[in-house]
Structures are given as C-alpha cells and as structure tokens.
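Trainee: build me a model:
(one chain, ligands or ions: 1)
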Amino acid sequence: MAGTDTEAQKIPNGSTPHIMSLNEELLKRTEDASEQPNPSVYLGLRLSDYHIREKENQYLQRLKDVFQPSSISIPTPASGQEQPNTGQLALYLLALRAACQDMETPLQRQLVTQLKLHLHKEKESIGHKNNGRPLTNYYQYGLGVLALCVHNKKVDVHVINKLLAEEKHGGFERGSQLFVDTEAMSGLAFVCLERATFYVPELVAELNQAVQRVKKKILQAQTPDGTFGNIYSTPLAVQFLIAAGVRNKEPECPNGTAAVLRSLKKGSFQNPLVGSQLLPVLHGKSYVDIASMECQAEEDSLVLSTSAPARVTSQDSKITIHLTVKRPPRNPPLYNEFVRVPAGSSLLDVLKAAEKRSFKPFSFETQETLSGPMLTSVMGVKASQGERKYWKILQFPHTTVEQGIADYIPQDKESIILKFIRW
Ligand code: B12
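Mentor: Residues are numbered from 1 along each chain as shown. You can find the predicted model right below:
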C-alpha cells in the first residue's frame, strides 16, 4: 500500500490491485472527450496516492474550460444548465484547491463570491415561509459550506446556523431512515468549520456537538452487512468518520471499509461519481484533507493497463423485463408491458427497446448529471425542479433501486416500476 498514513495501512494489502484499478478506471474516464468533465472525479484522483500528473493537469484544464470559459459562448457544466448549481460550483472550487491553484486572481475571487451568493440565496429560500427548503438540496448546501471552508473563507454565520439547525432537528432523517449522504456531507462541513479560526467559542462548541451528533447517527445507521445506509452512501459516511478522527476507534469503521472493499471487488463501483467518492476513503482521506494539500513531491506512480473491461451483452440469450409506469393517484398505469432485451442490458437499454416497439407507444427523456443520465420524463410526464417530483425507479413491489438507469442491470423476469412521486 502506497499510503504512509495509518488509516491507509488499515486497508488489507490484497486490496491494492482493486484500488489501483478503480484509480485507473477514473483516470480513463478523464480521457473520454465526449463526456463532460466531472469535478468530483478530479477530486477523487487528487486524493489518491497514485498519480499521472500530465493526465490530471489536462483534466483540470478541461474543467476550467467548462466552469470558467474565456468566451461566454461556451456552455457551462453538465446537464445543459446555463449556470452551475450550488453543488457543482462547490465541487469546482474544491477541485481548484485540490490543484493548489492561486485563488487570488480576480477570476478566482469572483468564483468564491459567486458561491457565497448561491449560499445566501439557498439560505433565503429556507427562511421563506412558503418554501422552507434550500433551492437545490441540503446535500449541495453542505457541499457549498465545505468548499468555502476548505478555501479558508469565512462562511456567513447565518448560513452555518441554518445547516446546524436542520441537522439538529432531524432534517436529514425520515422516520427511522437517515439520509446518510446528506448527513455525512453536513458532517464534513462541520468538521472543517470547527477547525477554522474565525468563529466565536459558542459557535465552535455548537459545531463540536453537531460533529458528535452526526457521528452517533452515522454509526447507528450501520446495517448488518457493514454499510452505512446503502453501499453507495458508505464512502461519504467513512469520509466523515475519517475526518472526525473516529475511524480507528469505533468497531463499526473496519466493517464499513470491508463492505465497500467487497463491493469494489464485485465491480459495484463502476459509476464514476460513486467511485470518485470512494477512492479517497481507500487512501484514508476525506474532502476535509483538501484544505491542507500542498501538491508537492507527487510522483507519476500509476501505470495504466491496456485492457478495457466492457460490459457483456449477449445477442443470443434474451431476457424479459416487466415494465410498469405509474403516476399516482391515477390508475390504470400509463404503461404496462413486457420488454425483451439481450441478457446483460441496462435499464436504459430496456427503455430504449420499449421506445422502439411500435404497437404500444413508450417515450422517455433523460438529462446528463454528474451521476450519469437521470430519467426526467416518461410518457410525456416531466419532472420539474419547482414541483419537487421525480421518476423513482422501483423493483416490484416497492424496493428502491440503488443505481441509475445507465448502471442498473435487471435480471430475467424482473418487474420494474417507474413511479412519478414527490421527493
Ligand atoms: C439529492 C439526491 C436525489 C434527489 C435529487 C433532487 C434534487 N433536485 O435535489 C432525488 C430524490 C430526486 C434523487 C433521485 C434518485 N437518486 Co439520488 N441522490 C441525491 C444526493 C443525496 C445528492 C445529489 C446532488 O445534489 N449532488 C450534487 C450535485 C452538484 O451534482 P449534480 O449532478 O448536479 O446533482 C444532480 C444529480 O445528482 C441528480 N441525481 C440525484 N440522484 C441521482 C441518481 C442518479 C443515478 C442520477 C443519474 C442522477 C441523480 O439530482 C441532482 C440535482 O439535480 C446523492 C448523494 C451522492 N452521494 O451523490 C444521491 C444519489 C446520487 N442518488 C442515488 C439514487 C440511486 C437515486 C435514484 C436512482 C433512486 C431511485 N431508485 O429512484 C433516483 C434517480 C432516478 C432517476 N429519475 O433517474 C444514488 C446513486 C448511486 C449510484 N450507484 O449511482 C446516490 C449516490 C444516493 C445513494 N447513496 O444511494 N436523488
């Protein structure tokens, strides 16, 4: 294991090839010019102990071209949105810090101001009596606070207080279910803020209590198989536990790491976003460590192999998927058919196959995001940010599918429900 850190030494030696292969996969994604550059992928690569500096630098340049175009005619980030949202801007700022870029230029200062403005608007939206929620979501709110903190910028105390209050009053929980990703992201922000030197002792004490609360909630969210929440929220949960310095002290932590390693070996972290949140963990690091990165003495220590693992679909063997589209409270379903596809097809392939069949019309639309294509419209029914509704993917009768349409591979005779509901 290349890491010198004691956390890194907790990772069993036999896992090194799998960690390197995840690193390699992410680096290969950066070479695909048809894909929008993803600042989260860059962060994962920077927080690894293995590097190929030239490739990382090229990717940083691509990020700059998208997030700070010199000509206003160049489109801004993923998803065809005109402006990056709070979270995307925060990730880009984290990327600049992870690259040890000079932040004192007018252009970079403007970005920090822009993020502060975004957070101000998010805070106003929470305070608005007709809304009571951020414009985007609390995950992005936490990410925004974390990015400013990592840049050693003072965060508006009112902005911090809103995040503290929401966490304290169980805003990232529904019944017994904890939204682990959001809880962990706010926890990372609290850990960073607690270490800053700007805030009065009363606020620092509150931040400390918040870190203890997040720690307790995340540890309690561990399932019998070792994950915190589901397998895809475990990387951020462990990042928080590393940042809060509890990773070696609590028995839950090695079980969490073991669970992600098992899934990594099974190939469950193919999605570049979740892979990029995992890679730092495998090197004993978290996003809070970006604040102290020095970018010196890095060597080109990653060797790229030539093999490209491809998903196998077989034209010879076909499978049948039952696809139902529901828009409650309306009945009957908008669509209820069996679709035949080659074995190994993704759910996206199933939707495309349904669209091709002429006797029963089916249509859908997607939007590019940092997590891949998100299903935004089915049978002409469109999800809109304002309405806070989305197309949920379920496995019959009501199991939430833990992957997106491009990654999820349904099995023969599986029944998939697309349900338009509130979030
Ligand atoms: C908030 C959130 C949601 C909200 C987003 C609403 C909103 N406008 O805020 C809602 C409830 C709609 C949602 C839905 C889903 N989500 Co979600 N979501 C998140 C969360 C907590 C934060 C996303 C975010 O703001 N990122 C930051 C910004 C900067 O990135 P962005 O690309 O601009 O953000 C957009 C996308 O992330 C998109 N989005 C949200 N979830 C998903 C999931 C997929 C697969 C895709 C392609 C896009 C997508 O919504 C964001 C806002 O527009 C992440 C946690 C995480 N660790 O990333 C999970 C997460 C990305 N979601 C996840 C999943 C599985 C889903 C669903 C597939 C669940 C389901 N069975 O229906 C659906 C998507 C279905 C579809 N129609 O394609 C998983 C993905 C795991 C994986 N293997 O890739 C994550 C990691 C949570 C987890 N631990 O399981 N999600």
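Trainee: every contact and neighbour count from this point should use C-alpha atoms.
Mentor: OK.
Trainee: the closest residue to the ligand within the stretch 151-300 of the chain: neighbour count?
Mentor: Here the stretch 151-300 of the chain gets closest to the ligand at one residue, residue 233, 3.7 Å apart by CA to the nearest ligand atom. Look at residue 233: counted by other CA atoms under 10 Å, it has 21 neighbours.
Trainee: I'd assumed residue 178 was in contact with it.
Mentor: No. Counting by CA atoms under 8 Å, residue 233 stays clear of residue 178, with 10.6 Å between them.
Trainee: what segments of the stretch 251-400 of the chain are strands?
Mentor: For the stretch 251-400 of the chain, the strands defined by DSSP state E, counting those that start in this stretch occupy 314-326, 335-343, 364-369, 372-378, 381-382, 389-395, 399-400.
Trainee: can I get these in JSON lines with mean pLDDT?
Mentor: Shown next, in JSON lines, are the strands of the stretch 251-400 of the chain (pLDDT from 0 to 100):
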{"stretch": "strand 314-326", "mean pLDDT": "91"}
{"stretch": "strand 335-343", "mean pLDDT": "96"}
{"stretch": "strand 364-369", "mean pLDDT": "97"}
{"stretch": "strand 372-378", "mean pLDDT": "98"}
{"stretch": "strand 381-382", "mean pLDDT": "96"}
{"stretch": "strand 389-395", "mean pLDDT": "97"}
{"stretch": "strand 399-400", "mean pLDDT": "97"}
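Trainee: for residue 26, find the nearest of those strands.
Mentor: strand 372-378 (13.9 Å; CA to CA).
Trainee: and the closest one, which strands flank it?
Mentor: strand 364-369 (antiparallel), strand 381-382 (antiparallel) (DSSP bridges).
Trainee: okay, the angle between that strand and strand 389-395?
Mentor: Orientation of strand 372-378 against strand 389-395 (axes from the mean of the first three to the mean of the last three CA atoms, to 10 degrees) gives an angle of 110 degrees.
Trainee: can you give the distance from strand 372-378 to the centre of its chain?
Mentor: Computed by CA atoms, centre = their mean, to the nearest Å, the separation of strand 372-378 from the middle of its chain amounts to 16 Å.
Trainee: could you check it and say which residues are buried?
Mentor: Across strand 372-378, burial judged by 16 or more other CA atoms under 10 Å covers 372-378.
Trainee: what's the closest of these to residue 187?
Mentor: Nearest to residue 187 among those is residue 372, at 25.5 Å by CA to CA.
Trainee: specify the beta-bridge partners of the closest one.
Mentor: Applying DSSP bridges to residue 372 yields these beta-bridge partners: residue 369.
Trainee: can you tell me which residues contact it?
Mentor: 271, 404, 406 (CA atoms under 8 Å, 6 or more residues apart in numbering).
Trainee: which one is the second one nearest to, not counting chain neighbours?
Mentor: Beyond its immediate neighbours in the sequence, the residue positioned closest to residue 404 (CA to CA, 6 or more residues apart in numbering) is residue 374, lying 6.9 Å away.
Trainee: distance of the residue of the chain most remote from its centre from the ligand?
Mentor: In terms of distance from the mean C-alpha position of the chain, residue 359 ranks first, at 38.6 Å (CA atoms, centre = their mean). Per CA to the nearest ligand atom, to the nearest Å, residue 359 is found 25 Å from the ligand.
Trainee: how far away is that residue from residue 337?
Mentor: 11 Å (CA to CA, to the nearest Å).
Trainee: repeat that for residue 107.
Mentor: Taking CA to CA as the measure, residue 107 falls 53 Å from residue 337.
Trainee: counting neighbours, what do you get for residue 302?
Mentor: Other residues lying near residue 302 total 16 when counted by other CA under 10 Å.
Trainee: if we can go back for a sec, filter the buried residues of strand 372-378 down to the ones close to the ligand.
Mentor: Counting by CA under 6 Å from any ligand atom, 372-376 from the buried residues of strand 372-378 sit close to the ligand.
Trainee: ok so, going back, the residue nearest to residue 404 touches residue 367, doesn't it?
Mentor: Yes. Using CA under 8 Å, residue 374 is in contact with residue 367, at 5.2 Å.
Trainee: export stretch 131-145 as PDB, just CAs?
Mentor: What follows is stretch 131-145, C-alpha atoms only, in PDB (Å, rounded to 0.1, in the frame of the first residue of the first chain):
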ATOM      1  CA  ASN A 131     -40.900  27.100   0.900                       C
ATOM      2  CA  GLY A 132     -38.800  26.300   4.000                       C
ATOM      3  CA  ARG A 133     -36.200  24.400   1.900                       C
ATOM      4  CA  PRO A 134     -33.000  25.300   0.000                       C
ATOM      5  CA  LEU A 135     -33.200  26.000  -3.700                       C
ATOM      6  CA  THR A 136     -31.300  22.800  -4.500                       C
ATOM      7  CA  ASN A 137     -31.000  20.500  -1.500                       C
ATOM      8  CA  TYR A 138     -29.200  20.200   1.800                       C
ATOM      9  CA  TYR A 139     -26.500  18.000   0.300                       C
ATOM     10  CA  GLN A 140     -25.400  20.800  -2.000                       C
ATOM     11  CA  TYR A 141     -25.800  23.300   0.800                       C
ATOM     12  CA  GLY A 142     -23.400  21.300   2.900                       C
ATOM     13  CA  LEU A 143     -21.000  20.900  -0.100                       C
ATOM     14  CA  GLY A 144     -21.100  24.700  -0.600                       C
ATOM     15  CA  VAL A 145     -20.200  25.400   3.000                       C
END
